[in-house]
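K.L.:
Here is a sequence together with a model predicted from it:
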Amino acid sequence: SIRGRARDRRNCIRTRQPTAAALTTTPTKRLVHTMADFMAKLDPLTGKMEWVPRDKEEGEDAAAFAADLLASSYGDMLQDTERNQLYAAAIGAAVAGFKEVNGRAPRVLDIGTGTGLLSMMAVQAGATDVTACEAFPPMAEVARQVIADNGMADRITLVPQRSTDMEPLAEERRAELVVSEILDTELIGEGVLGTMRHAHADLLAPNAVVIPRSATIRAVLVQSEHLRGWHDVSAAGCFGAQLGAGAGLPPGRMVDVHAEALEGRVEFLCEPFDAQHFDFTTASELTGATGTAVTPIKGGTVDAVLLWWDCHLDRDNCLSTAPPWVDRSPGRCWRDHWRQAVYLLPGAPTAVEPNVPVSVTCAFDEYTLWFALGEDPATQPPRVDPPWALWSPTRIGALNNAERRATLETRVRAVCAAVRPGECLLGVGDGSLVALAAASHWANEGREAPPQIFSHEPNEMSRRHTARVLSKLKLSRAVQLLDAPDLTAIDLECLRGARVGALIAEPYYLSTLLPWHALQFWYAADALRTVLSPTAAISPRAATLLAMCVEFEHLHQTQARVRTVAGCNLEAYDAVTAPHAQSIGPVPLWEYAHTALTKVTPLLRFDLCSTPAPTTATLRMPVTTSGNWNAVVCWLSFTDDDVAGGDGAEGLHQTCPEYERSAVQFVPEMPVVDGGGCEIALTVTFDASACDVKWEATLERAHCPKS
């Protein structure tokens, strides 16, 4: 990813856990992760992301790089007006102050230059000797072009490597001003501590001016049933059987999130307090801990710590990522490249009483922050084991969702009733909730000699966790985990001669990034056709791709053309990214304010009892609300209804569930649409060979105002 940011919005909610590779759907029909000679591609039959040799098609590397740039919200960072103004002011003051004392401009080092923007700000302020480091070769080439376009190549030397890989500089060449912006949502996750420690030792002159000079982690203790549902697996299951059985108490876990989306769902139990301070003007320690006595303003249960940071670029310019209800200053910018973070506390929730101080410790290593209440934290970040190492917070939230659980229990009852004597039930997918639910249902019924249940999970870590859960619940005999490498290897011998009378999935796959990747179940049902009973019940039976056209309040800014920033021409950056700005990517819709401009409309219906086949449809979506149309949003809804059971969206998810990601394609032109007569024509195509969906949307302007 570009400077670590691709792990943010495109991956929904970033957590410190093993996850599928950060991928982006591009117009090449493949899921591509930038590497020199390989690409990650989804196999819809096995559900695995496999690294395969990249076909050296013309422009493919450039397209993949552009997709990574767009996925990283890098453009959003470049258009962060508040950030840019504060950096320009701090850099200008530093150069002017040095010149006033020394009669010349300082030697400048820019660490992680990206497009070269901070280096160019230094030149604008009067610097004539700037060294800019950028380790990622394609980004370095963009920086080289941007610097040349702005006529500054004679004053900025681009070094295409990490600053930490540079040889120690001679005293007369050491930098007297260092600027950097290697900060992430948790402040230190991009390695600013180690980077600055190395710079002080090998690259900076004594008393060099450092921008930023310091930063403070700000925090508040919160009570939130919603956040508890992201973390507590004790009730995650069906029919009383929990997927977290035997897992113990949850570890601590950091989650990046837009805090404004949590407004009304969290309750502050104390005033914001300073949890940790970092001084970048010295070679800081790479580990440490600070304890703070925090006095609650009300009683409650502490579920999490909400945190942000205040970064002091110099004595006069402070950049803050505080949530809007904390910082309502008029110059405040919405941003996606930095958000807030929630630290889900380890162990059982801690009760606090008003006006009774509680000790809160914030510890850190080179890349990680963690918190503890009432005692000193461990010297290392909490170890994260399954199921938390497997499941994102929103996955746990889905398992704790009462409505979703009730729907799944209804489905399980129905398919269990369909299994005939001599037949078996087969559950597929990762984290086999359906197989566990079926076993629990039959156990609760007290049924003697229930049918055998089999489960196939493509992910080995998930399979091992499920085996531990079954053992803990004493259901290992009821559910047999199949060792088949993929579904094509399952035959009647694997199933002990029994045909499958019921095939069921949630469906849930760890490799799912875009909604239609969950259609792996469709391919599974087709691959298993030779072992299915002629009367086999398949659940879900159908899936519908739903869409609506929206106006995002802010999110579309992340994909907009940059053009000019702080008086610098960045069209070379636009030239790389603009042709790919309409790629489709995953977004947690609930996190981003938006207005629906059309009704929710079914685009494609998939009969999961049939063989996957390509399909194309064209439809028109009447505009019901006036606004600036800047995106098309799609998600998938599974049902057990027949595909021919109606043309409307009744009974389907009327918005993308919070525990899933929608697919979003932005509309760069952002045309004005009128709810009185405009229509948006959408042509959507499903490519069965790649399990991929694409669409083209056009505005029918016959009765629409001009943009």
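P.N.:
Received it, and whenever you're ready, just let me know what you need. Residues are numbered from 1 along each chain as shown.
K.L.:
Now do the strands in the stretch 1-150 of the chain.
P.N.:
Along the stretch 1-150 of the chain, the segments classed as strands by DSSP state E, counting those that start in this stretch run 24-25, 31-32, 38-43, 48-53, 108-111, 130-133.
K.L.:
what's the last one packed up against?
P.N.:
Looking back up the chat, that one is strand 130-133. strand 108-111, helix 117-124, strand 156-159 (3 or more C-beta pairs under 8 Å, 6 or more residues apart in numbering; DSSP states H and E). C-beta coordinates here come from the backbone N, C-alpha and C atoms, glycine included.
K.L.:
Swap in 10 Å and give it another go.
P.N.:
strand 108-111, helix 117-124, helix 137-149, strand 156-159, strand 175-180 (3 or more C-beta pairs under 10 Å, 6 or more residues apart in numbering; DSSP states H and E).
K.L.:
who's sitting farthest from the centroid in the chain?
P.N.:
Gly103 (48.5 Å; C-alpha atoms, centre = their mean).
K.L.:
Quick check: it vs Gly191, distance?
P.N.:
From Gly103 across to Gly191, the span is 36 Å (C-beta to C-beta, to the nearest Å).
K.L.:
again, but for Leu636
P.N.:
38 Å.
K.L.:
In terms of packing, which of those two has more residues around it?
P.N.:
Leu636 (25 against 19; other C-beta atoms under 10 Å).
K.L.:
Can you name every helix or strand that the strand or helix carrying the more buried one contacts?
P.N.:
Using DSSP states H and E, Leu636 maps to strand 631-639. Here strand 631-639 touches helix 402-418, strand 542-552, strand 594-596, strand 601-607, strand 662-666, strand 679-687, strand 692-700, going by 3+ C-beta pairs under 10 Å, 6+ apart.
K.L.:
what lines up beside it in the sheet?
P.N.:
In the sheet, strand 631-639 lines up against strand 542-552 (antiparallel), strand 662-666 (antiparallel) (DSSP bridges).
K.L.:
Adding mean neighbour count, distance to Tyr592 and mean pLDDT, write the ones you listed out as a markdown table.
P.N.:
Compiled in a markdown table, the strands paired with strand 631-639 are given as follows (neighbours: other C-beta atoms under 10 Å; distance: least, C-beta to C-beta, whole Å; pLDDT from 0 to 100):
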| stretch | mean neighbour count | distance to Tyr592 | mean pLDDT |
| --- | --- | --- | --- |
| strand 542-552 | 23 | 6 | 96 |
| strand 662-666 | 24 | 9 | 95 |
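K.L.:
would JSON lines of the ones you listed with distance to Ala322 be doable?
P.N.:
Formatted as JSON lines, the strands paired with strand 631-639 follow (distance: least, C-beta to C-beta, whole Å):
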{"stretch": "strand 542-552", "distance to Ala322": "22"}
{"stretch": "strand 662-666", "distance to Ala322": "27"}
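K.L.:
I'd say Leu249 and Asp385 touch.
P.N.:
No. With the criterion set as C-beta atoms under 10 Å, Leu249 and Asp385 do not qualify as a contacting pair; they are 11.2 Å apart.
K.L.:
Which secondary structure element is home to Arg383?
P.N.:
Using DSSP H and E, no helix or strand contains Arg383.
K.L.:
what do you get for Val342?
P.N.:
Going by DSSP H and E, Val342 is in strand 340-344.
K.L.:
which secondary structure elements does whichever helix or strand comes after that strand contact?
P.N.:
Per DSSP H and E, the first helix or strand lying C-terminal to strand 340-344 is strand 350-352. Packed against strand 350-352 by the contact rule (3+ C-beta pairs under 10 Å, 6+ apart) you find strand 214-223, strand 300-302, strand 358-364, strand 369-373.
K.L.:
for the ones you listed, which one sits closest to Trp590?
P.N.:
With C-beta to C-beta as the criterion, Trp590 lies closest to strand 214-223 of those, at 18.1 Å.
K.L.:
Tabulate the CA atom coordinates of the helix or strand just after the closest one in PDB.
P.N.:
As assigned by DSSP H and E, the chain's next helix or strand after strand 214-223 is helix 225-228. Extracted in PDB, the C-alpha atoms of helix 225-228 (Å, rounded to 0.1, in the frame of the first residue of the first chain):
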ATOM      1  CA  GLU A 225     -23.100  -1.700  23.800                       C
ATOM      2  CA  HIS A 226     -22.500  -1.300  20.100                       C
ATOM      3  CA  LEU A 227     -18.700  -1.600  20.500                       C
ATOM      4  CA  ARG A 228     -19.100  -4.400  23.000                       C
END
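K.L.:
Quick check: what element follows helix 225-228 along the chain?
P.N.:
Following helix 225-228 in sequence, per DSSP H and E, is strand 237-238.
K.L.:
What strands line up against that following strand, and which way round?
P.N.:
Sheet pairing for strand 237-238, using DSSP bridges, gives strand 241-242 (antiparallel).
K.L.:
Can you give the distance of the partner strand from its chain's centre?
P.N.:
28 Å (C-alpha atoms, centre = their mean, to the nearest Å).
K.L.:
Give me the contact list for it.
P.N.:
Strand 241-242 is contacted by residues 233-236, 387, 399, 433, 436-441, 443-444, 469-470, 472-473, 475 when judged by C-beta atoms under 10 Å, 6 or more residues apart in numbering.
K.L.:
out of these, which are inside helices?
P.N.:
Secondary structure from DSSP state H places 399, 433, 436-441, 443-444, 469-470, 472 of the contacts of strand 241-242 in helices.
K.L.:
what ranges of this protein fall below the confidence cut-off?
P.N.:
For the chain, applying pLDDT under 70 flags the ranges 1-72, 375-378, 642-653, 701-707.
K.L.:
just to revisit the earlier point, for Gln145, find the nearest of the strands paired with strand 631-639.
P.N.:
Among the strands paired with strand 631-639, strand 662-666 sits nearest to Gln145 (C-beta to C-beta), with 24.5 Å.
K.L.:
With just CA atoms, put that closest one into CSV.
P.N.:
Output of strand 662-666 as CSV, limited to C-alpha atoms (Å, rounded to 0.1, in the frame of the first residue of the first chain):
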residue,chain,number,x,y,z
SER,A,662,-20.9,-2.3,-0.2
ALA,A,663,-19.3,-1.8,-3.6
VAL,A,664,-19.0,1.8,-4.6
GLN,A,665,-18.2,3.4,-7.9
PHE,A,666,-17.7,7.1,-8.0
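K.L.:
what's the next secondary structure element after it?
P.N.:
Heading C-terminal from strand 662-666 (DSSP H and E), you reach strand 672-673.
K.L.:
and that next one, which strands flank it?
P.N.:
Using DSSP bridges, the strands paired with strand 672-673 are strand 627-628 (antiparallel).
K.L.:
Now find how far off-centre the strand it pairs with is within its chain.
P.N.:
27 Å.
K.L.:
And for that strand, what's in contact with it?
P.N.:
Taking C-beta under 10 Å, 6+ apart as the rule, strand 627-628 contacts 549-552, 556, 594-597, 667, 669-675, 707.
K.L.:
buried subset of the residues you listed?
P.N.:
549-552, 556, 594, 596-597, 667, 670-673 (16 or more other C-beta atoms under 10 Å).
K.L.:
can I get those residues in a markdown table with distance to Leu183?
P.N.:
Shown next, in a markdown table, are the buried ones among the contacts of strand 627-628 (distance: C-beta to C-beta, whole Å):
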| residue | distance to Leu183 |
| --- | --- |
| Cys549 | 35 |
| Val550 | 31 |
| Glu551 | 30 |
| Phe552 | 25 |
| His556 | 24 |
| His594 | 28 |
| Ala596 | 35 |
| Leu597 | 36 |
| Val667 | 31 |
| Met670 | 30 |
| Pro671 | 36 |
| Val672 | 37 |
| Val673 | 38 |
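K.L.:
For Phe686, which non-adjacent residue is spatially closest?
P.N.:
Thr615 (5.0 Å; C-beta to C-beta, 6 or more residues apart in numbering).
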